[in-house]
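Undergrad: Sharing a model that was predicted from the sequence below.
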Amino acid sequence: MMTDFGFLGPAQTVFGRGSRHRAFSYAAEHATRVIIVRGNSASWGADLKSELEAVSGDALEVLTQGEPTIAHLQAALEKCRPFQPECVVAVGGGSAIDLGKALAALVPSEGDPLDHLEIVGRGLPIIHDPLPLVAVPTTSGTGAEATKNAVIAIPERGLKVSLRESRMIPRLAVVDPALTDGAPKALTLATGLDALTQLMESYLSVRANPITDALCRDGIPSGIFALNRLMSEDDPTARDSMALVSYLSGLALANSGLGVVHGLAAVIGGRCGAAHGAICGRLLSSALEVNERAVRRAGQNTGRFAQVDAWLADGFGSGMGSGYQSLRRFVDDQGLPTLAALGCNRDDYEAIAEDALNASSTKANPVPLNLWEVVEIIDQA
Ligand SMILES: [Fe+2]
């Protein structure tokens, strides 16, 4: 018997080289006052501001400074609320899109972000409808243009938590792969590994459904090939594939949830402030091994793990004996920083594992893990 499920995605998506101009036409048609959230390097966001002003719209720019913290969000809200915006356009990596998502959700309400944050705040529902959000990713990794949560860091407490609400999903996702051309290799690697982790965790999640399965079965093998290709050459076709794979990974995770890798990444990222994609890429192969063993021990079917292993062996080469080992060799060969280099201290493994077991992403892990299994994942990574 098939399990019941629902599916949520952006109301509209446009994909293609040059499609960035759809962000301009949407904002110009739907709003006279627009907030543009962008990273410093997302220079096209500045062009967008002049284009909107040229058609007599008014645009207010918010620049991101890395992953949004609660203090950034509070300051940005103070700046944006008096402007009375009607639309938010976020251009950049996951950080810019997450900040845009949080602003779109909270500008219409009066309160403080802490009222609505999970874990650290009161977790109150967001009553007022969020402003329409146009999300324009400039990296292929987080898939934030298709998800319903914004990750906010609380540096004083070494935590990363989510503001989460179905209506926070972008109204329009504009995926223009040309915006990712020429991205540095290290960034392409870390963000690409994030997208692959998101697809694999969605595929193995306890909440996987027939639609997320279809997205993952298409995205995982093409993502492995495209990422491998981009490590040797900046190939536009592979950039197109990775942009699509990243979008698919966001759609999948928004509907199926993730697993222990993202549970750990939230905790490690909060403690060390290190890049999310690199942490995921480091943890992925050992998490696959430990999870497969735990699923087998629980007497459940491991067919999906065998499929993931086969895709990895196919894309990264099977000379290492297993696809998981090929993935490990790939991240080593490409120079992905180790957890130690990312600032993760061996003395903290047990405390990290304990916090990761309570993280929201871990709840969708294929099978519950014990503390020592989570420590083993970190240790092997
Ligand atoms: Fe991720």
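TA: Now that the structure is in, tell me what you want to look at.
Undergrad: quick one, what contacts residue 245?
TA: 140, 192, 195, 196, 199, 219, 222, 223, 226 (C-beta atoms under 8 Å, 6 or more residues apart in numbering). For the C-beta atoms, the positions are set from N, CA and C on the backbone; glycine is no exception.
Undergrad: Next, give phi and psi for it.
TA: Dihedral angles phi and psi of residue 245 (degrees, to the nearest 10) take the values phi -60, psi -40.
Undergrad: where does the residue lying closest to it once chain neighbours are set aside land on pLDDT?
TA: Spatial nearest neighbour of residue 245, excluding adjacent residues (C-beta to C-beta, 6 or more residues apart in numbering): residue 223 at 3.8 Å. At residue 223, the pLDDT value in this model is 98.
Undergrad: same question, the one 10 residues further on
TA: With respect to pLDDT, residue 233 scores 94.
Undergrad: Also residue 267?
TA: So, for residue 267, pLDDT stands at 92.
Undergrad: all helices of the stretch 1-150 of the chain, in order?
TA: Along the stretch 1-150 of the chain, the segments classed as helices by DSSP state H, counting those that start in this stretch run 21-30, 44-54, 70-80, 94-106.
Undergrad: Quick check: which of these is buried the most?
TA: helix 94-106 (a mean of 29; mean count of other C-beta atoms under 10 Å).
Undergrad: and the angle from it to helix 44-54?
TA: Angle of helix 94-106 versus helix 44-54, following axes from the mean of the first three to the mean of the last three C-alpha atoms, to 10 degrees, is 40 degrees.
Undergrad: which helices and strands sit right next to helix 94-106?
TA: For helix 94-106, the packing partners by 3 or more C-beta pairs under 8 Å, 6 or more residues apart in numbering; DSSP states H and E come out as strand 33-38, helix 70-80, strand 87-92, strand 133-137, strand 149-154, strand 159-164.
Undergrad: Now tabulate these in TSV and tack on mean pLDDT.
TA: Below are the helices and strands packed on helix 94-106 laid out as TSV (pLDDT from 0 to 100):
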stretch	mean pLDDT
strand 33-38	94
helix 70-80	95
strand 87-92	95
strand 133-137	97
strand 149-154	91
strand 159-164	86
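Undergrad: Any chance of TSV for those, columns distance to residue 253?
TA: Formatted as TSV, the helices and strands packed on helix 94-106 follow (distance: least, C-beta to C-beta, whole Å):
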stretch	distance to residue 253
strand 33-38	21
helix 70-80	22
strand 87-92	18
strand 133-137	14
strand 149-154	9
strand 159-164	12
